[in-house]
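S.K.: Please find the sequence and the predicted model below.
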Amino acid sequence: MVLAAAGAHAQQPPRPLAVAAVELEPITPENVRAVCDLRVAPGQEHLVAPNAVSLAEAYVYPQAWCRAVRSDGRLVGFVMLWDSPEELGHMLWRLMVDASAQGQGIGRQVVAAVADHVRAQGVGVLRVSLVEGEGSPAPFYRSLGFVPTGEMADDEPVYALTLWTSGPAAPCRVPLRSCE
């Protein structure tokens, strides 16, 4: 982005490529309002449901596994997993990073943590469905190793990440670098 400064053009400093490790914490009475107050960047609203809607859905679906995301002690996001071997399988249902924390590798770390959670249950595949079109997160998920399955979920294409290739002890291969 180019900013005008006293008649001259100056570039905005780049965001850091690395952030403190993220922590996933349960949704509690102490953090629920702050989770609901998080917002994606303008123009991304059509890509993910508001966190309040996600929490309402989690209330009626016992398969929902929800966590608030913190980095450096600051609440920066929300993640929800369909955590069941039946029906949809283990599917990353919602992932949102607050506009103020985007571009810092937080989403990548959250996906790695969720993949570890799924792999610890002896499951070898994590799936996600996503909105296509302008601003789609498809390039982000492809950069993590997710590939299209040809399936559709609620009119959205499904992508899958293989969590191991030679047995449950193999490590998750989600790279922890910043996505562009």
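M.R.: Alright, I've got the coordinates. Numbers count the residues shown, from 1 in each chain.
S.K.: neighbouring contacts of the strand ranked longest in the chain?
M.R.: Counting by DSSP state E, the longest strand found in the chain is strand 74-83. Contacts to strand 74-83, defined as C-beta atoms under 8 Å, 6 or more residues apart in numbering, come from residues 22, 24, 31, 34-35, 38, 51, 54, 57-58, 61, 63-70, 88-98, 100-101, 106-107, 110, 114, 117-118. The way it works is simple: take the backbone N, C-alpha and C, and place the C-beta from them, glycine included.
S.K.: can you map out the helices along this protein?
M.R.: Ranges of helices in the chain, per DSSP state H, are 32-37, 51-60, 106-120, 138-143.
S.K.: Check what contacts the first one and list those residues.
M.R.: This means helix 32-37. Contacts to helix 32-37, defined as C-beta under 8 Å, 6+ apart, come from residues 27, 50-52, 55, 68, 75, 78.
S.K.: hmm, 10 Å instead?
M.R.: Identification of contacts with helix 32-37 by C-beta atoms under 10 Å, 6 or more residues apart in numbering yields 25, 27-28, 50-55, 66-69, 74-75, 77-78, 96, 98.
S.K.: what about that helix, average pLDDT?
M.R.: Taken as a whole, helix 32-37 carries a mean pLDDT of 98.
S.K.: One more: the last one?
M.R.: When pLDDT is averaged over helix 138-143, the result is 96.
S.K.: Check which residues of it are buried.
M.R.: 138, 140-141 (16 or more other C-beta atoms under 10 Å).
S.K.: sorry, back to before: name every strand pairing with the longest strand of the chain and say which way it goes.
M.R.: In the sheet, strand 74-83 lines up against strand 64-71 (antiparallel), strand 90-97 (antiparallel) (DSSP bridges).
S.K.: of all those strands, which lies closest to residue 145?
M.R.: Ranking the strands paired with strand 74-83 by proximity to residue 145 (C-beta to C-beta) places strand 90-97 first, at 13.0 Å.
S.K.: sorry, back to before: quick check, nearest of the buried residues of helix 138-143 to residue 128?
M.R.: Ranked by distance to residue 128 (C-beta to C-beta), the buried residues of helix 138-143 are led by residue 141 at 5.9 Å.
S.K.: That closest one reaches residue 95, doesn't it?
M.R.: Yes - the criterion here is C-beta atoms under 10 Å, and residue 141 meets it with residue 95 at 9.5 Å.
S.K.: Need the residues touching each of those two.
M.R.: Joint contacts of residue 141 and residue 95 (C-beta under 10 Å, 6+ apart) are 107, 111, 128, 130.
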